[in-house]
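In: model this:
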Amino acid sequence: MPTFLSDPPDSIYLILGAIALVAAAIWFNRRDRRSQAVVGGSLALLLLLFIVDRLAESPREEAVRRALAMVKAADTQNPDAFLSHIADKLEYQGESGSVTITRDQLRALDFWKLLKQWNVHVAAWDFSRDDVTTPDESSIEIGFLAKGEADGKQAPIYLRARFTRQPNGQYLMTALSSYDALKRSKERKTVPYFPTPGSIN
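Out: The predicted structure is shown next:
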């Protein structure tokens with residue numbers, strides 16, 4: 001499914017909507033069959049685009065959906081739900097470099113104890129289309145802001161997550177990088193209690 005149909009930018013809706021409005025204005029003045037056909041055709045295209053957009057999930061939309069589901073799982077301290085969106089291995093890169101970690105190793109991190117002990121609230125936002133890249137034909141990378149909040153204090157962070165298409169067609173997270181929330185890609189920042197090089201056997 002072409003991305004411009006399954007994940008159309010707002011500008012496409014605006015253009016088709018404007019065409020429909022102009023066509024409707026012309027028809028209102030002329031009241032002939034030709035202008036009526038143009039109105040019907042433009043409205044049909046707009047409706048078709050809306051239906052396809054709602055029924056077909058693009059790789060970007062799937063990546064955002066899974067990232068939000070992972071945030072919700074972290075917020076409710078549910079590691080199994082969190083890990084269901086991660087591939088067999090995840091490459092994580094923070095301040096000290098990159099490390100490859102398995103699902104079982106992720107499940108055993110003290111990160112989960114920290115969330116539960118402090119009853120940390122986790123949230124994410126700013127999933128901008130401008131922050132999306134496609135490293136290759138089977139992967140998509142999204143950027144977004146997230147935060148952990150506990151005891152009235154917030155710890156914001158900027159994340160870039162890569163999702164790669166698996167043999168079953170699903171996109172699962174295969175890489176995650178974390179950065180300072182303000183400087184973004186210019187300065188790395190490690191997620192508290194996430195692994196660092198040498199800390200995983």
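
In: only C-alpha atoms for contact and neighbour calcs from this point on.
Out: OK.

In: gap between residue 53 and residue 11?
Out: Computed as C-alpha to C-alpha, to the nearest Å, the residue 53 to residue 11 distance reads 14 Å.

In: The two: who's more crowded?
Out: Taking neighbours as other C-alpha atoms under 10 Å, residue 53 and residue 11 compare with residue 53 leading, 17 against 9.

In: ok, so what distance separates that one from residue 12?
Out: 11 Å.

In: List the contacts of the spatially closest residue to residue 107 that is not a sequence neighbour.
Out: Setting aside the residues directly before and after it, residue 107 is nearest to residue 79 in space (C-alpha to C-alpha, 6 or more residues apart in numbering), at 6.1 Å. By C-alpha atoms under 8 Å, 6 or more residues apart in numbering, the residues touching residue 79 are 73, 107, 112.

In: distance between the helix or strand hosting residue 93 and the chain's centre?
Out: Element membership for residue 93, per DSSP states H and E: strand 86-94. Its chain's C-alpha centre and that of strand 86-94 lie 16 Å apart, by C-alpha atoms, centre = their mean, to the nearest Å.

In: cool, stretch 159-166 as well?
Out: With C-alpha atoms, centre = their mean, you get 9 Å for stretch 159-166.

In: returning to that earlier point: for the contacts of residue 79, please prepare JSON lines with the additional fields distance to residue 62, neighbour count and pLDDT.
Out: Below are the contacts of residue 79 laid out as JSON lines (distance: C-alpha to C-alpha, whole Å; neighbours: other C-alpha atoms under 10 Å; pLDDT from 0 to 100):
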{"residue": "73", "distance to residue 62": "16", "neighbour count": "18", "pLDDT": "97"}
{"residue": "107", "distance to residue 62": "23", "neighbour count": "15", "pLDDT": "93"}
{"residue": "112", "distance to residue 62": "25", "neighbour count": "18", "pLDDT": "94"}
